[in-house]
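sequence first, predicted coordinates after that:
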Amino acid sequence: MRCAYRRATLRPRILHVETNLGLRPGGVERLGAVLLELGLAERIDALVTPAVRAPAFDDRRDPELGARNVRAVATLAIEQADHVCRILNAGEFPVVLGGDDSVLLGCLLALRRLGSTGLVLLDGHTDFWDLPDGTGELSDSDLWIATGHGPDAISDLEGRRPLVPARACVVYGHRDRALQLRDGSRDVYREPMLVRNLAELRAAGVEDAATHAAAFLAAEGVDRVWLHLDADCLDDALMPAVDWRLDGGLTPSEVVGLARPLVSGGLIAGMDVTIYNPSLDTDDHAAGRVLLDVVDAILA
């Protein structure tokens, strides 16, 4: 399926991709169901598309491809991209609820069918592991894959490598670089991306950081930009319901301050929300409610 470009409006349409293929079984696939139960569609006045369901998780790590579920994720990404394209072609704003970070690939594939792509990645981790060097979870490597690295089976979807060029990526909010480099991750600071860790964002100021991101992507001249919101970019004190926790993190107002100007200014074509694990949350979904408020405020 090929997308015919039409500018998105701010009328959102939610697509829940029920997947744990890029992480592990144990709850992250319920992210969308819980946010919908908490009233996300009503809060953002969104239409809802029937959920896309991933096949069962396979715990075997492919020795050739370097990670688990690589081919299944690739197949799911193409199916997901078809749905995202339909939403874009209807003049709507796709809000893709994961699942794990591997849903980013299907989102970018949809935009790549339109033309040139950009990415704003708000994440507590850099996600820039070469597949054989990581844990075997594709959520370690979504930015690495999206920028054209790794085996063709996942990085060259529909012959469209890269899904987004490194020079059109804004990578904001991570707080794991020293740990990642110690353990063997590739370094995003060696790439032509706009990269700011948590301390650097705060030193620059959220308003200036958002302005810098918009200018950086405008200078690149990409057709449309995708926003990736990983729940673990939020302060761990408010968002402990994630599988890979890190101390500290952005406040909800900082996340909104970074993302909302890019959305309201028309730069962003769609967004995904990932990694929140309801099974690690309180019975009343305290962390989920924080995430709900953040998404609502970004799209207000």
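Now that the structure is in, tell me what you want to look at.

residue 148: neighbour count?
Close neighbours of residue 148, defined as other C-beta atoms under 10 Å, add up to 15. Just so you know, the C-beta spots here come from the backbone N, C-alpha and C atoms, and that holds for glycine as well.

list the contacts of it.
By C-beta atoms under 8 Å, 6 or more residues apart in numbering, the contact set of residue 148 is 155, 156, 161, 162, 163, 165, 166.

check which helix or strand covers it.
Under the assignment given by DSSP states H and E, residue 148 is not contained in any helix or strand.

got CSV for the contacts of residue 148, with neighbour count and pLDDT too?
Formatted as CSV, those follow (neighbours: other C-beta atoms under 10 Å; pLDDT from 0 to 100):
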residue, neighbour count, pLDDT
155, 22, 98
156, 16, 98
161, 16, 98
162, 18, 98
163, 28, 98
165, 19, 98
166, 18, 98
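
and the residues you listed, which two are the farthest apart?
156 and 166 (15.7 Å; C-beta to C-beta).

which ones among the contacts of residue 148 are found in helices?
residue 155 (DSSP state H).

show me which positions of the least confident helix or strand in the chain by mean pLDDT end up buried.
Taking mean pLDDT, DSSP states H and E as the measure, the chain has helix 177-183 as its least confident helix or strand, at a mean of 73. Neighbour-count burial for helix 177-183 flags 177, 180 (criterion: 16 or more other C-beta atoms under 10 Å).

after it comes which helix or strand?
Going down the chain from helix 177-183, the next helix or strand is strand 194-196, by DSSP H and E.

who does that next one touch, helix- and strand-wise?
Contact here means 3 or more C-beta pairs under 8 Å, 6 or more residues apart in numbering; DSSP states H and E; on that basis strand 194-196 packs against strand 169-172, helix 206-220.

mind doing that once more with 6 Å?
strand 169-172 (3 or more C-beta pairs under 6 Å, 6 or more residues apart in numbering; DSSP states H and E).

just the strands in the stretch 1-150 of the chain please.
12-18, 47-53, 93-97, 117-122 (DSSP state E, counting those that start in this stretch).

for the shortest one, the distance to its chain's centre please.
So that's strand 93-97. Strand 93-97 sits 11 Å away from the centroid of its parent chain (C-alpha atoms, centre = their mean, to the nearest Å).

need the residues that contact that strand.
8, 10, 12, 14-16, 31-32, 84, 87, 103, 107, 270-273 (C-beta atoms under 6 Å, 6 or more residues apart in numbering).

buried ones in stretch 121-138?
Buried residues in stretch 121-138 (16+ other C-beta under 10 Å): 121-132, 134-138.

report how many residues lie close to residue 212.
16.

now do the same contact list for the nearest residue to residue 76 once chain neighbours are set aside.
Nearest non-adjacent residue to residue 76, counting by C-beta to C-beta, 6 or more residues apart in numbering: residue 54, 5.3 Å away. By C-beta under 6 Å, 6+ apart, the contact list for residue 54 reads 19, 21, 76.
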